[in-house]
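In: Sequence and predicted model, in that order:
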Amino acid sequence: MERLQKVIAQAGIASRRKAEELIAEGKVKVNGKIVRELGTKVSANDKVEVNEIPLEREEKIYILMYKPRGVISAVKDDKNRKVVIDFLPEIKERVYPIGRLDYDTSGLLLLTNDGEFANLLMHPRYEINKTYVAKIKGIPSRQSLKQLEKGVKLEDGITAPAKAKLLSADKKTQKSIVELTIHEGKNRQVRRMFEAIGHPVQKLKRERYAFLNLHSLNAGESRELSPHEVKQLRALAETGTGLQ
Ligand code: URA
């Protein structure tokens with residue numbers, strides 16, 4: 001049995017607070033009857049409706065995927081390009097990506113059908129570390145790397161403190177590999193940060209998401225997160241501390 005507001009939030013319809021409001025406003029029915037009690041608990045067999053629309057009550061599932069390059073982080077694409085869902089084994093649950101990676105970016109992507117969990121992880125306040133490895137043009141100076149760490153000015157604001165590490169530099173080809181850890185999720189942020197310091201990205205991969213990595217997966221492969229990993233991610237987002 002679970003609290004009604006939690007069930008509504010998990011279905012991705014509203015935050016728990018908003019769900020409580022919907023209940024108080026008489027917009028929620030359980031087995032055909034309006035329920036206004038916030039403490040009401042429901043089981044998987046109870047039929048819940050919000051604004052007359054029945055709630056989908058699937059088992060919650062959490063997937064870690066190694067997204068290949070050249071794939072859209074979406075459930076479907078109107079131009080018929082490959083989407084991340086095409087790479088999942090047959091599952092009955094309807095999952096969607098938590099945030100996204102660019103079409104040309106490969107790496108760690110989480111997917112779920114738990115709307116509340118997705119919102120929690122995507123909320124900028126919770127500062128989950130994401131580590132990228134970028135192949136860039138040129139060899140950045142120590143000062144340029146410091147700039148990435150302190151914050152660079154983008155058209156939508158200054159980036160928050162980050163960590164940058166030069167992994168290798170090839171003087172002959174004038175290319176470098178840099179690891180960058182950020183905890184924001186501005187659109188194309190990593191590419192724009194390197195662009196801002198004069199070193200455009202040629203290849204980008206997300207290697208880590210909080211404590212999760214891509215170990216033992218090849219591009220296009222995925223695995224389910226363990227209940228413990230899900231719990232750890234939730235705790236990390238809720239407390240904003242540790243485990244990273
Ligand atoms: N930053 C980018 O520039 N691209 C991504 O896909 C993710 C982060």
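Out: Nice, thanks for sending it over.
In: And residue 30, how close does it get to the ligand?
Out: Taking CB to the nearest ligand atom, to the nearest Å as the measure, residue 30 falls 41 Å from the ligand. Glycine gets a C-beta too; all of them are placed from N, C-alpha and C.
In: Quick check, that residue in contact with residue 42.
Out: Yes. With contact defined as CB atoms under 8 Å, residue 30 counts as touching residue 42 (5.8 Å).
In: Mind listing the shared neighbours of these two?
Out: Common neighbours of residue 30 and residue 42 (criterion: CB atoms under 8 Å, 6 or more residues apart in numbering): 4, 48.
In: State the three-state secondary structure for the residue of the chain most remote from its centre.
Out: Ranked by distance from the centre of the chain (CA atoms, centre = their mean), the top residue is residue 172, with 37.0 Å. Under DSSP: H, G, I helix; E, B strand; the rest coil, residue 172 falls in the coil class.
In: Quick check: it vs the ligand, distance?
Out: For residue 172, the distance to the ligand - CB to the nearest ligand atom - is 27 Å.
In: Please apply the same query to residue 55.
Out: 32 Å.
In: Same check on residue 119?
Out: 19 Å.
In: Go ahead and confirm that residue touches residue 15.
Out: Yes. Applying CB under 8 Å, one finds residue 119 in contact with residue 15, separated by 6.9 Å.
In: Next, count neighbours for residue 137.
Out: Neighbour count for residue 137, taken as other CB atoms under 10 Å: 16.
In: Enumerate every residue touching it.
Out: 174, 175, 199, 200, 202.
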